[in-house]
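Trainee: only the shape, not the letters, is given here:
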């Protein structure tokens, strides 16, 4: 069996997990520079920007990074934090896009990137090479941020449609992982037993995380946008 050497090292056991902080100086320096740039360049939107940097710090510097080497479910949580929390925070930090017709391409690009990196061959490549790993993380965050920025700039009906479509595609991937009869991800074949899980159990837990809380975030956002639209229409009627 191939020896996997993922970023953040080999998967920890429960006894050592809390001590596995990632103090990579390049990572910490990049996070510090990004935080300083947001603080200086966007003084009126510092709150969501700092929150986004905090989510990225938790994702890459906390023991979650090492845990994601052991458990596919932890990797899924990692990706959910990137795409469903850090990305929308960054989208609301960066200047608002002008009205455009780019919502459909941005939605398709995000879906394609998300499904691509959860295909076993591409996922295995990311855990075998640090360069591919960072390509995975950067493309997930960038495509998700672009998606949320276009949602923010789009008319309410289009934004709701895009969010509902994303809810469906993410829920579908989660359901496929949950009901798949065999484990798909070779890097976790020998790393889950220490956590009391088979690799199939771990994969099913990852599917449930993607199916319910991750997809639910997009559904909740769609309901918020729709609610604002309805309140606006009601206020116009009342005048």
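Mentor: Structure's in. What do you need? Source: prediction; values computed, not measured.

Trainee: in space, what's closest to residue 175 - neighbours in sequence excluded?
Mentor: residue 211 (5.5 Å; C-beta to C-beta, 6 or more residues apart in numbering). To be clear about C-beta, it is placed using only N, CA and C from the backbone, and glycine gets the same treatment.

Trainee: kindly report the same for residue 198.
Mentor: residue 192 (6.4 Å).

Trainee: cool, and residue 10?
Mentor: residue 69 (6.2 Å).

Trainee: picking up where we left off before, and the residue nearest to residue 175, how close does it get to residue 114?
Mentor: With distances taken as C-beta to C-beta, to the nearest Å, residue 211 is found 13 Å from residue 114.

Trainee: anything in contact with each of the two?
Mentor: Residues touching both residue 211 and residue 114 (C-beta atoms under 8 Å, 6 or more residues apart in numbering): residue 170.

Trainee: residues in contact with residue 152?
Mentor: Neighbours of residue 152 in contact, by C-beta under 8 Å, 6+ apart: 91, 92, 96, 97, 159.

Trainee: state the mean pLDDT of the strand or helix carrying it.
Mentor: Element membership for residue 152, per DSSP states H and E: helix 130-153. Helix 130-153 shows a mean pLDDT of 96.

Trainee: in that helix, which residues are buried?
Mentor: Neighbour-count burial for helix 130-153, counted by 16 or more other C-beta atoms under 10 Å, picks out 132-133, 136-137, 139-141, 143-151, 153.

Trainee: kindly report the same for stretch 192-199.
Mentor: Buried residues in stretch 192-199 (16+ other C-beta under 10 Å): 192, 194, 195, 197, 199.

Trainee: so how far is residue 166 from residue 159?
Mentor: 11 Å.

Trainee: more neighbours: which of these two?
Mentor: residue 166 (27 against 23; other C-beta atoms under 10 Å).

Trainee: show me what contacts the more buried one?
Mentor: 107, 110, 111, 147, 215, 218.

Trainee: my read: the last one touches residue 84, true?
Mentor: Yes. Judged on C-beta atoms under 8 Å, residue 218 makes contact with residue 84 at a distance of 7.4 Å.
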